[in-house]
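> can you look at this prediction? I've put the sequence above it.
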Amino acid sequence: MAIGMTLVAYFSILRRRFRGFRRDKKVARLNELIDDLLIENVLSQDPEQVQTPGETAEAAANAFQLAPFGKRWGRQVLIDRLINYRNNVRGAMGDEIRTLYLLLELDKDSFKKLKSRKWNHKVRALNELSSMEIGVADVIILPLTNSRNRELRAAARQAYIKLSKNEPFKFFDLATEPLLQWDQVELFRIITTTSNIAIPNFAQWITYSTNKSVISFCLKLVIHYHQLKAIPAVMKLLDSKDHLLRAEAINCLGKMRIADAEDKLVYIYNNQPLDCQIEILKALGRIGSGRHTEFLKQEFMLSTDFELRKNAAKSLINNQVPGSNLINELMAEASPENQLILKHCMNPLIKF
């Protein structure tokens, strides 16, 4: 029985590998055919000689009326290849590839996958539709932005931002599941690279959202777009009970160089946990008004925590007035360890 089961297992593995090998060869041959047809009918055409948009795609659509593209697997290979070209070609040629995708009614295949019960089919459909910039109704895509499946949820959020013309950030209002770090990276890339996207005032989510990851992400967007009108909402976060959100709010105020926040930051310093204290020292250094050098000097000289002393030293260097002897005085008074910290922080290549 053991020998029999081993032989069955080996046979199953060999059969699967043989079928995969045959499939890969068929896909490779079909990709070569698609490449030849695209180069001949689309990519080799001079865009300046095309009189009307879509004219090249209409002629190319007739060339693609071949038997392999009548089968489901062949149409999927064609979709994948067109998306690959679409992602690497811009301008008029990119528009022609999108038009070809529509003329061959490949969008219907994508919408069929979007209705599938399998989450991986839905993810694939969302990626296809967003790559080709095909609009999807909000009633279909918005529920997916709160899916329990992490990959489907991330794909739906990214697609919604790309495809929504009126309110691309509406899913922030409905988000109950957290925005994970990698999801935030991808969303940030899409938001900052998508052209003609309507950027709202992120203060509304900083103030009213109950999803902490949404607030955290909005703080990053406030910094990127330098939204000064969101600063009052950021200042209110200094009273939040969540020290992680407080730390991110302090980081935002520092990177935005909000001088009016310095007094409040110094006032709350002693009641904050270590991560918030470090962010306050960094913020004072980034703002660099020079009004709290005595406070920074005291933290540098008296603090027992290495991280606090290091960040206080860097902020002191950023706050010193040209021609001032502050650093020389500190070098004379500091302990050998603190002198090493100052010398390290005086290196202009060292950043926060």
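Cool, got the structure. Numbers count the residues shown, from 1 in each chain.
> tell me the secondary structure at Glu248.
helix (DSSP: H, G, I helix; E, B strand; the rest coil).
> buried ones in the helix or strand harbouring Arg19?
Per DSSP states H and E: Arg19 is located in helix 2-38. Buried residues in helix 2-38, defined by neighbour count with 16 or more other CB atoms under 10 Å: Val27, Leu30, Leu33, Ile34, Leu37, Leu38. Every residue, glycine included, has its C-beta placed from N, CA and C.
> by contact count, what packs against whatever helix or strand comes next after that helix?
The C-terminal neighbour of helix 2-38 among helices and strands, as given by DSSP H and E, is helix 55-63. Contact here means 3 or more CB pairs under 8 Å, 6 or more residues apart in numbering; DSSP states H and E; on that basis helix 55-63 packs against helix 2-38, helix 91-103.
> so what touches the lowest-mean-pLDDT helix or strand in the chain?
Using mean pLDDT, DSSP states H and E, the weakest-scoring helix or strand in the chain turns out to be helix 55-63, at a mean of 79. By CB atoms under 8 Å, 6 or more residues apart in numbering, the list of residues contacting helix 55-63 from outside reads 37-38, 40-42, 45, 50, 96-97, 99-100, 103-104.
> pull out the buried members of those.
Buried members of the contacts of helix 55-63, counted by 16+ other CB under 10 Å: Leu37, Leu38, Asn41, Val42, Gln45, Glu96, Ile97, Thr99, Leu100, Leu103, Leu104.
> in TSV, list these along with distance to Leu126 and pLDDT.
As requested, the buried ones among the contacts of helix 55-63 are exported to TSV (distance: CB to CB, whole Å; pLDDT from 0 to 100):
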residue	distance to Leu126	pLDDT
Leu37	27	88
Leu38	24	86
Asn41	28	82
Val42	25	80
Gln45	31	69
Glu96	23	86
Ile97	19	88
Thr99	21	89
Leu100	21	89
Leu103	22	90
Leu104	20	90
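> distance-wise, check Leu129 relative to Ala137.
Applying CB to CB, to the nearest Å, the value for Leu129 to Ala137 is 11 Å.
> and the two? which has more neighbours close in?
Ranked by neighbour count (other CB atoms under 10 Å), Leu129 and Ala137 place Leu129 first, with 21 against 8.
> hmm, back to that, rank the helices and strands packed on helix 55-63 by pLDDT, which is bottom?
Note on the helices and strands packed on helix 55-63: lowest mean pLDDT is at helix 91-103, with a mean of 86.
> can you give me the angle it makes with helix 2-38?
On the basis of axes from the mean of the first three to the mean of the last three CA atoms, to 10 degrees, helix 91-103 is oriented at 120 degrees to helix 2-38.
> so what secondary structure elements neighbour helix 91-103?
helix 55-63, helix 72-88.
> biggest separation within the buried ones among the contacts of helix 55-63, which pair?
Gln45 and Leu104 (17.5 Å; CB to CB).
> quick one on the thing from earlier: helices and strands around the helix holding Arg19, which ones?
Packing partners of helix 2-38 (3+ CB pairs under 8 Å, 6+ apart): helix 55-63, helix 72-88.
> three-state assignment of Arg189?
State at Arg189, reduced to three classes by three-state DSSP: helix.
> do you know how far it is from Asn88?
Noted for Arg189: a distance of 17 Å to Asn88, by CB to CB.
> isn't Thr176 right next to Asn211, touching?
Yes. If you go by CB atoms under 8 Å, Thr176 and Asn211 touch, sitting 6.7 Å apart.
> comparing these two, which residue is more hemmed in?
Asn211 (18 against 9).
> list the contacts for the more buried one?
Per CB under 8 Å, 6+ apart, neighbours of Asn211: Phe172, Ala175, Thr176, Pro178, Leu179.
> same question for Gly94.
By CB under 8 Å, 6+ apart, the contact set of Gly94 is Arg86.
> report the separation between it and Ile83.
As judged by CB to CB, Gly94 and Ile83 stand 11 Å apart.
> show me the shaky parts of this protein.
The model of the chain has pLDDT under 70 over residues 45-55, 322-323, 352.
> once you drop chain neighbours, what's closest to Arg150?
Excluding the flanking residues, the one nearest Arg150 by CB to CB, 6 or more residues apart in numbering is Leu180, at 7.0 Å.
> contacting residues around the one you found?
Listed by CB under 8 Å, 6+ apart, the contact set of Leu180 reads Arg150, Ala154, Ser213.
> returning to that earlier point: just send the helices and strands packed on helix 55-63 back as TSV, with distance to Pro68 too.
Converted to TSV, the helices and strands packed on helix 55-63 look like this (distance: least, CB to CB, whole Å):
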stretch	distance to Pro68
helix 2-38	6
helix 91-103	16
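> which stretch among the ones you listed comes nearest Gly74?
Using CB to CB as the measure, helix 2-38 is the one of those that comes nearest Gly74, at 6.3 Å.
> okay, the angle between that closest one and helix 55-63?
Going by the same axes, to 10 degrees, helix 2-38 is angled at 130 degrees with respect to helix 55-63.
> farthest pair within the contacts of Asn211?
Spatially, the most separated pair among the contacts of Asn211 is Phe172 and Pro178, at 12.5 Å (CB to CB).
> for the two, indicate the residue with more neighbours.
Neighbours per residue, other CB under 10 Å: of Phe172 and Pro178, the larger number sits with Phe172, 22 against 16.
> distance from the host helix or strand of the more buried one to the middle of the chain?
According to DSSP H and E, Phe172 maps onto helix 171-174. From the chain centre to the centre of helix 171-174 is a distance of 17 Å (CA atoms, centre = their mean, to the nearest Å).
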